[in-house]
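In: Any chance you can model this:
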Amino acid sequence: MFGGVLALCFSIATAGTLMNLTYFADASDDFTDSAFFIAGGIACVIFGIAQSLVLHGYPGWVWLQVGVFMSYLLLVVPTIIYSPDHLLFTLTLLSPLTGLLCLNSNRQREMRREMLEIRHKRNGVIAAPLKKQGRWKWW
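Out: The predicted model follows:
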């Protein structure tokens, strides 16, 4: 669960550094700093919302996390044109791929199944007394 969050942090840091050296090499420092913090903040918020919804038993939201990692991967791949440092480029490619690997692991899948079962049980416990009282929303 936390492997994906750590991979996101590394993805933001390495992608920001690589894009700062390639795409934004001629841009002002103020622009690059603000763009880096805004993009990183948006990615963290999106990933955090998706992670909390997955932990509340909605496994379909994992695709939003996959989308965040894929967007970082697709932003990084075209920087090969600028022939960046090989180590930085490799780390920048491996960070989102590691995050995708964490999301696809058996442990993560098992956790999503368990959280879904807990949500169904929780809804059943909440719904049973309301059904007896006749206040259930579908009855």
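In: what's near enough to touch Tyr82?
Out: The neighbours of Tyr82, taking Cβ atoms under 8 Å, 6 or more residues apart in numbering as the test, are Leu21, Thr22, Ala25. Where you see a C-beta, it was placed from the backbone N, CA and C, and this is true even at glycine.
In: one more time with 10 Å, if that's ok
Out: By Cβ atoms under 10 Å, 6 or more residues apart in numbering, the residues touching Tyr82 are Leu18, Met19, Leu21, Thr22, Tyr23, Ala25, Phe89.
In: now Gly48
Out: Val5, Leu8, Gln65 are the contacts of Gly48 under Cβ under 10 Å, 6+ apart.
In: I'd like those as TSV, with neighbour count appended.
Out: Formatted as TSV, these follow (neighbours: other Cβ atoms under 10 Å):
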residue	neighbour count
Val5	16
Leu8	26
Gln65	24
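In: and of these, the nearest to Asp85?
Out: Minimum distance to Asp85 across the contacts of Gly48 is 21.9 Å, recorded for Leu8 (Cβ to Cβ).
In: Which strands or helices does whatever helix or strand that closest one lives in pack on?
Out: If you go by DSSP states H and E, Leu8 is part of helix 2-21. Applying 3 or more Cβ pairs under 10 Å, 6 or more residues apart in numbering; DSSP states H and E, one finds that helix 2-21 contacts helix 29-55, helix 62-76, helix 86-103, helix 106-133.
In: So what's the gap between it and the chain middle?
Out: 11 Å (Cα atoms, centre = their mean, to the nearest Å).
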